[in-house]
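Peer 1: The sequence and its predicted three-dimensional model are supplied below.
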Amino acid sequence: MREMFSDARLVATKDLRIEARSRVLVNQVAPFALLVLVLFGFALDADQRTLRTFAPGLFWVTVLLAALLAVARSASVEHSDDAHSGLRLSGMSPSSIFLGKAAAVFVQLMVLEVLLTLGIVVLYGSEIDDPVLMSLTAVAAAVAVATMGTLYAALASGLGARETLLPILLLPVLAPVLIGATRAFDDALGAAAVDGWAWLGLLAVFGLVATVLGALAHGAMIED
Amino acid sequence: MHGFRVGESVHRYRGGVSVVELRGAVALLGRFPALSGIDLSVDAGETVLIQGPNGAGKTTLLQLCAGLLRPADGAAVVLGHDLNVERRAVRRRVGLLGHATGLYGDLTVAENIAFWARAAGLTGSEAKSRAATAAGLMGIDDRLLSRSVNVLSAGQRRRTSIAALAVRRPELWLLDEPHAGLDQAGRDAVDSLIRDAAAAGATVLVSSHELERVRSLSPRIVTVAAGMVVGDTSAGEHGAAGKDTTGGGIDA
C-alpha cells in the first residue's frame, strides 16, 4: 500500500511538472473555460438575474468541457512518444499509475474551479452563501471527474481514436456529477432552495466509488 | 500443444540455463499474426542478434519477450514466468528499447532519467547515482542533462532513452535497433553498454540491421522471417547450416 501511494506521488509529480513547463492549463484550458462562461453570458443576453439563477449549471458544464481537455492532455502526454509502454514495463502497479494521473488532473481541476468561481462572481454577479458547502462540493466533484476521466481516457486509448471517442464515452458517465454538483451549488450560491448537503453526500459516494473502481479497473484498460 | 511445465522452467532458469523459452508462440497485432509460431531458446548471459527483413516480426518478438504482448497461442516463458499469466512479473525485470524514445518532451534529460529510475523502484540517492553513471556511459554531459527533451536532436533523444533504460540495470535487455540515429561515438557507447551488460551476467537480445557492427558483439545470430525463426547460427557460421537451439527439458 505504501509503495502504491509512493508510486502514485511520483506519477502525479511528474504530470504536474510537465504541466508547469508546458502551461497548457494556464494558456489553453483556463482561457477556454473563461471564454465558455463569457459565451454563456452572451447567449443568455447578459441578464444578471438569469445568469445568477443558472450560474451553478453553467459553472459545471464549463468545468466538464474544460475537464475533457485536461484529461485528454493527461493521456496524450503518455502516448505522444510511447512513454505509456515504459510505465507498463516499470513495474509500477496500474493502480498507482491511475491514482497518480488522476491526482494530477484533480489538482488542475481545482485550479480551474477557483478561476471559474471568480468568473461567475465577476461576470454573473453570483454571491456565495455557503462557502464550506461550495468548497466541499468542488473537491468531491473534482475527484469524481478526475478519476472517471482518467479511467475513460485509458479506455478510449485502448479503443483507438481517443481524441474523438473520449467525450462521447465520458460525458454521459459524468451526468450524475453534473446534476449533483449543480444542485449543491444551487444551495451554496442561493440560486435555488434545495438541500445541497444531501447532493454533496451523493457526490462524495460517487467520487469514492469512481476512485476505487478506477484503481481496480485501470490495469485491464491499459493492457492491449 | 506447446504447454510448458512452468515449475520446471522456473527450476531450469534458477539453474542458470534458460531466460527465454518460446515454443510455437503466436502474437497478434490486431488480427494480424505478427509472430506465427516462433521457437526460440536463449540461455542466461547470452547475447543474441535478431536479424531479418522489415516486417519480419523482430520488434513484435522483443515486445513479446518484454511481456507487453500476450501470446495468442503456443508457450512463452521469460525469466521463469509464463507470459500467459505472469507478464507483470516479467516486465519489472526486463528493459526494452523500442523505436519510440519513451521520453517526456517537457521534462529535462536529467528529470527523464531520474523519473524512470524512480519508477523502477530505486530510492532517491541510488537513482541519482545510477542516473549519473548511465548518463556518463552514453556521453550525456551536464549541459545536455539540463536541457528539455523537446529541444534535443533525434540522436540526443536516443542517447537519453538508452540511458533511461540502462539506469534500471535489467536482467534481460531487449534492444530494438539501438544504433539507429546515433553518431559514431553514440554507436560505440551502445556497444560498450551491451558488452558491460553481458559481462555483468545479463542476457541481451539485439535487433539490428547493422550486421557487421553487431557480429562483434554477438556469437549467435537468429534470423526471423514472416514471423518465424528461419535460421539460428553462431556468427562464424552465419550463412552456413543452422544450429539447433531448441534444447530439451520442455514439455511439448
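Peer 2: Nice, I can see it. Just so it is clear, the model here is predicted, and its values are computed rather than measured.
Peer 1: From the chain's centroid, how far away is the helix or strand hosting B:Glu126?
Peer 2: Using DSSP states H and E, B:Glu126 sits within helix B:124-137. Taking CA atoms, centre = their mean, to the nearest Å, one finds helix B:124-137 lying 21 Å from the centre of the chain it belongs to.
Peer 1: any idea how far B:Val149 is from A:Ser22?
Peer 2: If you measure A:Ser22 against B:Val149 using CB to CB, to the nearest Å, the figure is 12 Å. (Glycine included, C-beta is placed from N, CA and C.)
Peer 1: list the residues that contact both of these two?
Peer 2: Residues touching both A:Ser22 and B:Val149 (CB atoms under 8 Å, 6 or more residues apart in numbering or on different chains): B:Asp106.
Peer 1: Which positions within the helix holding B:Glu126 qualify as buried?
Peer 2: B:Ala127, B:Lys128, B:Arg130, B:Ala131, B:Ala132, B:Ala134, B:Ala135, B:Leu137 (16 or more other CB atoms under 10 Å in any protein chain shown).
Peer 1: Any chance of those in JSON lines with distance to chain A and pLDDT as columns?
Peer 2: Output for the buried residues of helix B:124-137, formatted as JSON lines (distance: CB to the nearest CB, whole Å; pLDDT from 0 to 100):
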{"residue": "B:Ala127", "distance to chain A": "10", "pLDDT": "89"}
{"residue": "B:Lys128", "distance to chain A": "14", "pLDDT": "88"}
{"residue": "B:Arg130", "distance to chain A": "15", "pLDDT": "91"}
{"residue": "B:Ala131", "distance to chain A": "14", "pLDDT": "91"}
{"residue": "B:Ala132", "distance to chain A": "19", "pLDDT": "91"}
{"residue": "B:Ala134", "distance to chain A": "15", "pLDDT": "92"}
{"residue": "B:Ala135", "distance to chain A": "17", "pLDDT": "92"}
{"residue": "B:Leu137", "distance to chain A": "19", "pLDDT": "89"}
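Peer 1: where are the low-confidence patches of the stretch 1-150 of chain B?
Peer 2: Screening the stretch 1-150 of chain B residue by residue with the criterion pLDDT under 70, one finds the ranges B:1-16.
Peer 1: export stretch B:158-169 as PDB, just CAs?
Peer 2: Output in PDB follows, covering the C-alpha atoms of stretch B:158-169 (Å, rounded to 0.1, in the frame of the first residue of the first chain):
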ATOM      1  CA  ARG B 158      18.100   8.200 -28.400                       C
ATOM      2  CA  ARG B 159      21.100   8.500 -26.100                       C
ATOM      3  CA  THR B 160      18.800   9.800 -23.300                       C
ATOM      4  CA  SER B 161      16.400   6.900 -24.000                       C
ATOM      5  CA  ILE B 162      19.200   4.400 -23.700                       C
ATOM      6  CA  ALA B 163      20.500   6.000 -20.500                       C
ATOM      7  CA  ALA B 164      17.000   5.800 -19.000                       C
ATOM      8  CA  LEU B 165      16.900   2.100 -19.800                       C
ATOM      9  CA  ALA B 166      20.500   1.500 -18.500                       C
ATOM     10  CA  VAL B 167      19.700   3.100 -15.200                       C
ATOM     11  CA  ARG B 168      17.300   0.100 -14.500                       C
ATOM     12  CA  ARG B 169      20.100  -2.500 -15.000                       C
END
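Peer 1: How about the residues of chain A by chain B?
Peer 2: Contact residues (CB under 8 Å from any CB of the partner chain) of chain A with chain B: A:7, A:10, A:14, A:17-18, A:21-22, A:77, A:80-83, A:85-92, A:224.
Peer 1: From the chain's centroid, how far away is whichever strand or helix holds B:Ala25?
Peer 2: If you go by DSSP H and E, B:Ala25 is part of strand B:18-29. Computed by CA atoms, centre = their mean, the chain-centroid distance of strand B:18-29 equals 14 Å.
Peer 1: That strand pairs with which strands, parallel or anti?
Peer 2: Its sheet considered, strand B:18-29 pairs with strand B:32-43 (antiparallel), strand B:73-78 (antiparallel) by DSSP bridges.
Peer 1: Mind jotting down where the strands sit in the stretch 151-252 of chain B?
Peer 2: B:172-176, B:203-207, B:220-225, B:228-234 (DSSP state E, counting those that start in this stretch).
Peer 1: Chain A is nearest to which of the ones you listed?
Peer 2: strand B:172-176 (9.6 Å; CB to the nearest CB).
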